[in-house]
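**Q** Have a look at this prediction, sequence included:
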Amino acid sequence: MLELDLSADIQALRLTYGDIREVIDVDTLRSDIARLSEEAGVPDLWDDPERAQKVTSALSHRQSALARVEGIGSRLDDLEVLVGLANEMGDEESAVEARAELNALTEIINQLEVQTLMDGEYDERSAIITIRSGAGGDDATDFAEMLMRMYLRWAERHKYPVKVLDTSYAEGAGIKSATFEIDAPYAFGTVSVEAGTHRLARISPFGSADKRQTSFAAVEVIPLMEEATEVDIPESDIRVDVFRSSGPGGQSVNTTDSAVRLTHLPTGIVVSMQNEKSQIQNRAAAMRVLQTRLLLLQKEEEAAKKKELAGNITASWGDQMRSYFLYGQQLVKDLRTGHESGNPAAVFDGDLDGFISAGIRWRKRKDED
C-alpha cells in the first residue's frame, strides 16, 4: 500500500515560509496596496503622467509581491491535501505530482528566502543594465550580444517587463553596447550581483585557424531612481549629440535623427538612447539615466565607496568575476562564489537563478564580515 510521507519536508517549508512573511511584512504590504489603490483611483491622477506612472508601478509591484507570498501559502495547503488523497486512494500518479510540487515549492521558497537577504538602500528598485564589449574583437562583441540575450531570457522566464533603451551594433558581429531596464520588485538587488567582467573562452567562429579565443564583456547594473530628478545638471555641463538610430543590416530603422547622446562634461559620463520614437522622448530617458548615475556617484563619493554600485569595470584580464568555457569541458564558473554549471547552453538561455542566489548569499556574507 502506498504511504507517501512528506510531512517533515512540508513542515520545514512552512517554518521557512513563516520567517519570510515576517521579514517581508505582509501587513505593511497590504496597507501600502490600500493606500496606493486609493491614490490610483483619483480621477485626475493622469493629469500628471509622471506621478501616475510612479503610483501605478508601485501598486503593481506590491500587488505582485503579495500575490506571490500568499500564493505559496495556498500551494502548501493544496500540497498537504494532495498527499492525503494520494495515500487515501493509493494513487501513484498523485504521489508523483505531490513530489514534483514539493520540489517546485522548495525552489520558490528558497528564492524568496534569498530575497529577504536584500536589504541594501536601493535593492527593491528596478534595474538598468548596461553591457559593453571589451577585449576580443568580433568575439567580444558577439559575447556581449550573448550576455544581453541571456539576461533578457532570464527576465522573460520570470515574466519581468523589459525595455531596451539603447543598442550600439558592431560593424561585424554582435553589439558594442546595450542598455535595458528590468522593471520588477527587487530587480536591482537581484541583478546587481551580475555586475562585473565576464570572460568567454571558446574556439572562435570568426577565425580561420580554429584557435581558442578569449574575450571579455562588462556588465554594469544601476538602480532606477525617481529621486534622481533632484540632481541639478546645468545645461552648460551637458553636450547633446543627435544622430540617426541604427540597427543591424536589413533591420528597419528610424529615418529621422531621433537618437540622443548626452555627455556630462565634468565627469565624462556618456548616455545614449534611441529606443523612443522622438528626440524629445530619447532625451528625457537619457537624462533620467544620467541623473541616476550622477546621484550614485555623489553618494559613492560621500560614503567613500566608489565602485560599490555601478563600478569601474575594465572588461579585460585580471578582474573577471565569471568565466564561460565553450570548448573541451563545457563549464560556467563564478569565480567569487564557486557556483558552476556544466550546461552553458542553459545558462545562456537564461538559467541564472543558481548563480544569482549564490551571488546574493556571497554578498551578504561579505557585508557581514
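**A** Right, received. Where do you want to start? Source: prediction; values computed, not measured. Numbering: from 1, shown residues only.

**Q** Give me the residue ranges of the protein where confidence is low.
**A** Low-confidence regions of the chain, defined by pLDDT under 70, span residues 1-2, 208-209, 226-230, 245-257, 302-319, 369.

**Q** Would you map the helices across it?
**A** Assigned helices in the chain, in chain order: 7-24, 26-40, 49-89, 92-115, 137-157, 187-191, 279-303, 344-348, 353-368 (criterion: DSSP state H).

**Q** May I see the buried residues of the first one?
**A** Okay, so that is helix 7-24. Buried positions in helix 7-24, judged by neighbour count with 16 or more other C-beta atoms under 10 Å: 9-10, 13-14, 16-17, 20-21, 24. C-betas here are computed from N, CA, C, even on glycine.

**Q** That one packs against which elements?
**A** helix 49-89, helix 92-115 (3 or more C-beta pairs under 8 Å, 6 or more residues apart in numbering; DSSP states H and E).

**Q** At the geometric centre of the chain, which residue do we find?
**A** The residue lying closest to the centre of the chain (C-alpha atoms, centre = their mean) is residue 191, at 3.8 Å.

**Q** For residue 224, see how far away that residue is.
**A** Look at residue 191 and residue 224: by C-beta to C-beta, to the nearest Å, they are 11 Å apart.

**Q** any residues in contact with both of the two?
**A** residue 127 (C-beta atoms under 8 Å, 6 or more residues apart in numbering).

**Q** What's opposite residue 133 in the beta bridge?
**A** residue 217 (DSSP bridges).

**Q** coming back round to it: now the helices and strands packed on helix 7-24 as a markdown table including distance to residue 285 and mean neighbour count?
**A** Shown next, in a markdown table, are the helices and strands packed on helix 7-24 (distance: least, C-beta to C-beta, whole Å; neighbours: other C-beta atoms under 10 Å):
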| stretch | distance to residue 285 | mean neighbour count |
| --- | --- | --- |
| helix 49-89 | 13 | 15 |
| helix 92-115 | 28 | 16 |
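
**Q** For residue 341, find the nearest of those helices.
**A** Taking C-beta to C-beta, helix 92-115 is the member of the helices and strands packed on helix 7-24 nearest to residue 341, at 15.4 Å.

**Q** how far out from the middle of the chain is that closest one?
**A** Chain-centre distance of helix 92-115: 24 Å, with C-alpha atoms, centre = their mean, to the nearest Å.

**Q** again, but for stretch 27-42
**A** Its chain's C-alpha centre and that of stretch 27-42 lie 26 Å apart, by C-alpha atoms, centre = their mean.
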